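>>> Sequence first, predicted coordinates after that:
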Amino acid sequence: MEVLEKKNEIQDNLLKNFEAKIDRGDAIEPRDKMPDAYRKHLIRQMSQHAHSEVIGMQPEGNWITRAPSLRARQILLAKIQDEGGHGLYLYSAAETLGISRREMIEQLHSGKAKYSNIFNYPALTWADIGAIGWLVDGAAIVNQVSLQRTSYGPYSRAMVRICKEESFHQRQGYEIMAKMMKGTKDQQEMARDAMNRWWWPSLMMFGPHDSESPHTGDAVKWKIKRSSNDELRQKFIDKTVQQAEVIGLTIPDKDLKWNEAKKCYDHGPINWEEFYRVISGNGPCNKQRMAHHVKVHNDGAWVREAAEAYRQKKEKKIFH
Amino acid sequence: MTQEQALYKYCLRMGDDALIHAYRLSEWCSNAPILEEDLALTNFALDMIGRAQAILDYAGKIDGKGKTSDDLAYRRKERDFYNHLIMELPNGDFAYTMARILFVSIFEYYFFSELSHSADTTLAAIAAKTVKEVKYHMAHATDWALRLGDGTDESNTRMQQAVDDLWAYTGELFETDDATAVLEDRNIAVDMGMIRAKWKTDVTRILTEAKLKIPADGYNQTGSGNGVHTEYLGHILSEMQYLQRAYPEAIW
């Protein structure tokens, strides 16, 4: 019994030290002691974030070969390349927690790990590329800016770097929409249609209302999550309404109006039924996105095996 | 053929090579065997689009009809494209794509190294920049040729198949025509005979090190110098030019 008590005391002290560190605002680094639940939460969140970057390459990649000018193609390619790069940082950052990229990909394929729901919607016209950059990346930035202050050092540093690139993405998306709204009737129609289809799913990116969010408790206490879903969603709405007005786009929400008392916009009800339907696998592209990722991964297995075989042949092993 | 006509054609051939090869490489985005390769292949595509833009803009100036690189890329018909056939062939597997980058980048390395001494200062400047980029393409493709050739039995078989299949498209890279003859006389164009030998030496060395066989030289596919392409080019253009063709009044 005494041994057990001693062990428990050590555990309590470790937790106390950890929480004191968090309270002081110090970053937690990979070699620091951390509660299993903290590690688990971060692995879940960071791998989901990494997978989202990578799966997000698909809807935008759908338009690379059809981008309407050389400049548009360069910008889109560079942007998608950034997303892939973000995926890489985030996989690497998550690896510091003791999970490999290979395991994370296995979890994605088995359905244990998720990616952002927004990428289960299709990119149907060129204006969707504008809407994705402006609205989807715009929403992602709000979340990521907040995560720059997250308590896990490698995650927070990855976010600082990612945020710089994301703001460029949002500008490119906005530029596409602005150009289209200044263009022909067909272009304006395309832009409005994209706005109408992407607005609500973008709001859903922040997740359920605070009252319904299952992951909030410890994540807030341990400063993994620095702002609530509803706070972030509100920030996004408030900055986007004006941007839409400037280029002559209307936000498809008849209940949207300025609330003078709260100094922010009130919005209409979000269709949570759609949110849960898409999350549970019945969005327009869930099956397509996963099938694509699995196929590409499997098709590339022989290349990875060859690279590994070559490395083993050539690698010097003088010390073990 | 006047010098302007010859130079216009010469630029279209170089610009179209970059444009169409970039198109094929960009198709790898979100399709590569590892994320790092998604990024690498997209990077090469970006280099090539930049090159296409610079060269086609110059072609538009020489032509003197006010055409931009976008006009030339997005509003030209298939029979007016002059890229070499090898650029437009479908990507195939990763070995096929890497073998193409290897063959093309070695060619381009010697080609643009020579062109950087061209009497045409615009082309010389574009070429000097291109050489720097192409060195990376060449190094990357060489690394992969070694890994795949000397990796597993499967990768060796696939790489050998790719080398064998593409071989018949490499001869066309060194073809000359009336345009090159006019420009060579004025020290503008590259002497193709000289670079062909260097290309063969490098390719032989790399393939041998990668435990791959050098295919025997046989019939070489040709036609692009006259705008006669494979069936694949039309599909590339119908996809690439779709928005510009469907909405001719729109500015993007």
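Done, it's in.
>>> what comes into contact with stretch A:140-154?
Stretch A:140-154 is contacted from outside by A:22, A:27-30, A:42, A:92-93, A:96, A:116, A:155-156, A:159-160, A:162-163, A:166-167, A:170, A:205-206, A:222-227, A:232, A:235-236, A:239, using C-beta atoms under 8 Å, 6 or more residues apart in numbering or on different chains. The way it works is simple: take the backbone N, C-alpha and C, and place the C-beta from them, glycine included.
>>> Swap in 6 Å and give it another go.
Under the contact criterion C-beta atoms under 6 Å, 6 or more residues apart in numbering or on different chains, stretch A:140-154 has outside partners A:22, A:27-29, A:42, A:93, A:96, A:156, A:159-160, A:162-163, A:166, A:223-224, A:226-227, A:232, A:235-236.
>>> Show me what counts as buried in stretch A:243-256.
Applying a neighbour-count criterion of 16 or more other C-beta atoms under 10 Å in any protein chain shown, one finds A:243, A:244, A:247, A:249, A:251, A:253 buried in stretch A:243-256.
>>> And for stretch A:103-115?
A:103, A:104, A:105, A:107, A:108, A:113, A:115.
>>> Stretch B:26-46 now?
B:26-35, B:37-46.
>>> Flag the helix or strand of the chain with the lowest per-element mean pLDDT.
I'll assume chain A. helix A:217-221 (a mean of 86; mean pLDDT, DSSP states H and E).
>>> wait, chain B
For chain B, judged by mean pLDDT, DSSP H and E, that is helix B:178-185, with a mean of 92.
>>> tell me which element residue 238 is part of?
In the absence of a named chain, chain A is used. helix A:229-246 (DSSP states H and E).
>>> try chain B instead
Here residue B:238, judged by DSSP H and E, is contained in helix B:232-240.
>>> three-state assignment of whatever residue of chain B ends up closest to chain A?
Chain A sits closest to residue B:33 of chain B, with a gap of 2.4 Å, by C-beta to the nearest C-beta. Of the three states, residue B:33 takes coil under DSSP: H, G, I helix; E, B strand; the rest coil.
>>> Distance of it relative to residue A:299?
7 Å (C-beta to C-beta, to the nearest Å).
>>> which ones are touching the most centrally placed residue in chain B?
In chain B, the residue lying closest to the centroid (C-alpha atoms, centre = their mean) is residue B:17, at 3.9 Å. Counting by C-beta under 6 Å, 6+ apart, residue B:17 touches B:83, B:84, B:87.
>>> which residue ranges form the strands in the chain?
Chain wasn't specified; assuming chain A. A:257-259, A:264-266 (DSSP state E).
>>> could the buried residues of stretch A:103-115 go into CSV alongside pLDDT and distance to chain B?
As requested, the buried residues of stretch A:103-115 are exported to CSV (pLDDT from 0 to 100; distance: C-beta to the nearest C-beta, whole Å):
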residue, pLDDT, distance to chain B
A:103, 98, 15
A:104, 98, 11
A:105, 98, 10
A:107, 98, 16
A:108, 98, 13
A:113, 96, 16
A:115, 97, 13
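>>> From those residues, which land in helices?
Taking DSSP state H as the definition of helices, the buried residues of stretch A:103-115 contribute A:103, A:104, A:105, A:107, A:108.
>>> How about the residues of the stretch 201-320 of chain A by chain B?
Residues of the stretch 201-320 of chain A lying close to chain B by C-beta under 6 Å from any C-beta of the partner chain are A:296, A:300, A:302, A:303, A:304, A:305, A:306, A:307, A:309, A:310.
>>> Quick one: the helices in the chain, in order.
As the question left the chain open, I've gone with chain A. Under DSSP H, chain A gives helices at A:2-24, A:36-55, A:57-61, A:70-95, A:101-110, A:126-131, A:137-147, A:153-181, A:185-204, A:217-221, A:229-246, A:272-277, A:286-299, A:301-314.
>>> Not quite, go with chain B.
For chain B, the helices defined by DSSP H occupy B:3-26, B:35-63, B:69-74, B:85-88, B:94-115, B:121-149, B:153-167, B:178-185, B:192-209, B:232-240, B:242-246.
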